[in-house]
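> Below are the sequence and a predicted model for it; my questions follow.
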Amino acid sequence: MGTDELAAIYERRYRRFLRVAEAIVGDVELARDVVQDAFARLVRSRADFRGEGSLDGWVWRTVVNTALNARRDRPADVPLGPSAEPSPNGHVPDSGVRALLASLPERQRLVLFLRYYADLDYGSIADALDIKPGTVGATLNQAHAAIRRLLEEEVPR
C-alpha cells in the first residue's frame, strides 16, 4: 500500500476524520492535529498493513487511537462530543448533548461517534474498534437505551 492510497483516503474523508477526532478530544484545533498525526503515523507504518482487516478499518483505528491518546493528555474538564463550534451544516451542539455523551462509557461513545459522525456501517466500526459487528450492534443499542433513560430523567412526564 502506497502513500497515494492514503492521500486519497485523507482527501476523501478528511471532514469525517476531523468530526470524530473533535468529538473524542473536545476541541477542533486539537482534532486537526490529531488527524495530521494519525496520517503521519499511517504513512510511517504503511508497510505494517498486512491486509488482515480492511484498509479503512486500519485508518479509522489509527485516527481513533491517536485521538484517545490526545484526549488522555488533556484536562478532564474538557467536554466530550462535538465542540460548540458550528458544524458545516450550521448546527451548534447543545451543552446538554455534550454532557449526555460524556456520561456514556467510552466504547458506547466511540460507536456513536463512528456511526453518526463518520456514517460508518457496523462492519467498518467493528474493524475500526477491533470488535465484532454483533458487539457494535449491541453497544449501539446500549448507548441508545442509556441516552433515552437519561433524557427521560431530564424531562419528567
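All right, it came through fine.
> Outside of the helix or strand where residue 63 lies itself, list whatever touches it.
Here residue 63, judged by DSSP states H and E, is contained in helix 55-72. Defining contact as C-beta atoms under 8 Å, 6 or more residues apart in numbering, one finds that helix 55-72 is touched by 1, 5-6, 9, 17, 20-21, 24-26, 30-31, 33-35, 37-38, 41-42, 49, 106, 110, 114, 118, 120, 124, 126-130. Just so you know, the C-beta spots here come from the backbone N, C-alpha and C atoms, and that holds for glycine as well.
> and what of stretch 143-157?
With C-beta under 8 Å, 6+ apart, stretch 143-157 has contacts from 96, 100, 103-104, 108-109, 111-112.
> try it again with 7 Å
100, 103-104, 108, 111-112 (C-beta atoms under 7 Å, 6 or more residues apart in numbering).
> Give the other helices and strands that the helix or strand containing residue 31 contacts.
Assigned by DSSP H and E, residue 31 belongs to helix 28-44. Counting contacts by 3 or more C-beta pairs under 7 Å, 6 or more residues apart in numbering; DSSP states H and E, helix 28-44 packs against helix 3-25, helix 55-72.
> Lovely, talk soon.
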